[in-house]
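# Curious how this folds, go ahead:
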Amino acid sequence: MDEELIGLLMSGGGLEELRRRYGPLIRYVVEPILPDGRDAEECVSDVYMKVLSGAGSLDPKRPLKPWLTAVTRNAALSMARRKRTGETALEDTIPAEGTPEEELLRRERTESLKRALDTLSPSDRRLIFRKYYYRQPTAQIAAELGMTERAVEGKLYRLKKRVRELMGGEDDG
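Purely as a prediction, here's the structure:
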């Protein structure tokens, strides 16, 4: 299914099919990060442009959804950051300066976090991703999971504590 869509995108078409299939997902990812409707709409348009410009690097044998979700999230976070700080889009493309030691430490922390998250159940991992990766509001998560906000907050607190322990950190609340 994605293979055909990726083929269309690689040939410069497929935008309408992309919108039909993945438009709701793109909005679902963007809206919690950019609650202003105009910003969200601009970001969605940016995502479609990024998909079209990056289509040549897609592998038709791999699913499109994970890549598209990451592109969407990153575009929304970049726009939110620019709105907050007044940055321009060009500044957003310049990598942050860091020493090789800092980069190594960052990679080690990332790997440690991945290992810790892999020990969680799929539902607990999804909860962590919804709150901290996709930045969904607690109220939205609670409503969609049929839980109270307090129950979601409590579960997230326990999960953060567990992940911190798995990563070898101190339990400081």
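# Spell out for me which residue occupies the centre of the chain.
Central residue of the chain (Cα atoms, centre = their mean): Arg73, 3.8 Å from the mean position.
# ok, then the element right after the helix or strand bottoming out on mean pLDDT in the chain?
Sorted by mean pLDDT, DSSP states H and E, the helices and strands of the chain end with helix 89-92, the least confident at a mean of 43. Remark: after helix 89-92, the chain's next helix or strand is helix 100-118, criterion DSSP states H and E.
# Can you tell me what sits against the helix or strand where Lys161 lies?
Assigned by DSSP H and E, Lys161 belongs to helix 149-166. Residues outside helix 149-166 that contact it (Cβ atoms under 8 Å, 6 or more residues apart in numbering) are 113, 115-117, 119-120, 124, 127-128, 131, 138-139, 141-142, 145, 147, 170-171. All C-beta atoms are positioned from the backbone trio N, CA, C, and that covers glycine.
# three-state assignment of Val29?
The three-state label given to Val29 by DSSP: H, G, I helix; E, B strand; the rest coil is helix.
# Pretty sure it sits against Asn74.
No. Counting by Cβ atoms under 8 Å, Val29 stays clear of Asn74, with 10.0 Å between them.
# Give me the contact list for the longest helix seen in the chain.
With residue count as the measure and DSSP state H as the assignment, the chain has helix 65-85 as its longest helix. Helix 65-85 is contacted from outside by 2, 22, 25-26, 29-30, 33-34, 39-40, 42-43, 46-47, 50-51, 54, 58, 87-89, 91-92, 133-135, using Cβ under 8 Å, 6+ apart.
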